[in-house]
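Engineer: Return atomic coordinates for the entry below.
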Amino acid sequence: MCSAPSPYIEFGRDQWRALASTTPLPLTQADVEKLRGLGDPIDLAEVDVVYRPLTALLEDYITTSREQARRISDFLGVDPHPTPFVIAVAGSVAVGKSTTARLIAHLLARFPQTPRVALVTTDGFLLPNKVLDERGLAARKGFPESYNRRALLDFVAAVKSGAERVEAPVYSHTVYDIVPGRSVVVERPDVLVLEGLNVLQPAPRGRGTGSPAREAAASALAVSDFIDFSIYVDADPEDIRRWYLDRFLTLKRTAFREPGSYFQRYAAIPDDIAVAAADEVWESVNLVNLRENIAPTLGRATLVLRKDSQHHMSRVLLRKI
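Structural biologist: Next comes the predicted model:
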């Protein structure tokens with residue numbers, strides 16, 4: 001009996017590693033330690049296996065995209081106007097997508113073809129806590145409806161259109177809120193790496209409050225429409241839960257003790273009580289968001305990085321061209 005056709009080409013770990021044996025790896029172990037996220041044990045050997053082939057592939061996609069834009073400009077008889085190549089990195093809380101995004105950004109910036117790389121996280125487009133409280137969404141932070149989706153869409157559209165200067169809000173995990181008066185400035189990069197939980201979401205359905213024409217235009221577009229290459233970092237939910245709880249314990253002994261930390265109340269209580277509270281948040285918030293909103297976008301990704309229980313890449317799935 002024939003298996004159903006798949007839209008992906010699947011690579012095992014050794015197959016993937018062999019794809020870029022001649023591509024340089026301009027990072028050191030010290031660089032990797034600075035770039036990896038809390039709780040992610042990635043080392044230089046893992047970067048060599050996963051990210052050397054990945055960035056070589058991305059450079060090919062970028063080159064092809066630029067060549068296609070040039071050919072279309074020639075056909076239309078207009079001057080070429082290169083726009084940034086947008087890469088999205090999606091996945092669950094605690095799966096390691098921030099590490100993936102930072103590594104990609106730093107590696108691509110060391111290629112001569114893409115020296116200007118900007119990295120922006122969608123956390124900056126979360127609604128402020130005060131607004132979430134007013135709308136009854138405080139317990140659904142990280143769900144699609146907890147973001148200022150219009151502002152995020154406008155930001156990505158402006159960057160993709162080649163705007164000279166675009167600003168994104170800044171989110172602090174220490175105070176657990178948007179930081180007033182702070183922003184990330186993006187000035188016509190070669191590449192924009194956009195990292196976030198729900199960055200691959202399709203356009204939302206529903207009636208808005210604006211003019212009919214504006215609402216029709218808004219409902220027809222999503223951030224994912226401006227993405228040139230998307231990566232979904234995947235793992236078994238039970239492994240992600242364990243990584244989430246391990247990270248929580250580390251934060252309890254470090255960042256939660258900082259003055260002004262939103263979670264400072266957890267720093268002084270026994271570990272077992274704190275972990276039980278964190279586990280409840282995982283079950284009632286993060287796991288629900290993963291199942292209902294994040295995991296369903298996996299099939300929209302250009303490439304899927306599948307991790308094993310030790311945070312190591314076990315498989316890569318690349319969408320067929």
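Engineer: C-alpha from now on. contacts and neighbour counts both.
Structural biologist: OK.
Engineer: Next, the contact list for the residue nearest the centre of the chain, please.
Structural biologist: In the chain, the residue lying closest to the centroid (C-alpha atoms, centre = their mean) is Glu195, at 2.2 Å. By C-alpha atoms under 8 Å, 6 or more residues apart in numbering, the residues touching Glu195 are 88-90, 97-98, 101, 119-122.
Engineer: The same query, at a cut-off of 6 Å, please.
Structural biologist: 88-89, 121 (C-alpha atoms under 6 Å, 6 or more residues apart in numbering).
Engineer: Which ones among these map onto strands?
Structural biologist: Among the contacts of Glu195, the members falling in strands (DSSP state E) are 88-89, 121.
Engineer: Turn these into CSV, including pLDDT, neighbour count and distance to Ala203.
Structural biologist: As requested, these are arranged in CSV below (pLDDT from 0 to 100; neighbours: other C-alpha atoms under 10 Å; distance: C-alpha to C-alpha, whole Å):
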residue, pLDDT, neighbour count, distance to Ala203
Ala88, 98, 27, 16
Val89, 98, 27, 18
Thr121, 97, 21, 19
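Engineer: Pick the one among those residues closest to Ile231.
Structural biologist: Nearest to Ile231 among the ones in strands among the contacts of Glu195: Val89, at 4.8 Å, using C-alpha to C-alpha.
Engineer: Tell me the bridge partners for the closest one.
Structural biologist: Judged by DSSP bridges, the bridge partners of Val89 are Glu195, Ile231.
Engineer: got the contact list for it?
Structural biologist: If a contact means C-alpha under 6 Å, 6+ apart, then Val89 has 195, 230-232 as its contacts.
Engineer: how does it look with 8 Å?
Structural biologist: Val89 makes contact with 97, 100-101, 193-196, 199, 230-233, according to C-alpha under 8 Å, 6+ apart.
Engineer: Val175 now?
Structural biologist: Going by C-alpha under 8 Å, 6+ apart, Val175 touches 260-262.
Engineer: how close does it get to Ala255?
Structural biologist: 10 Å (C-alpha to C-alpha, to the nearest Å).
Engineer: what does Ile227 give?
Structural biologist: Ile227 sits at a distance of 33 Å from Ala255 (criterion: C-alpha to C-alpha).
Engineer: Looking at those two, which one has more neighbours?
Structural biologist: Ile227 (21 against 18; other C-alpha atoms under 10 Å).
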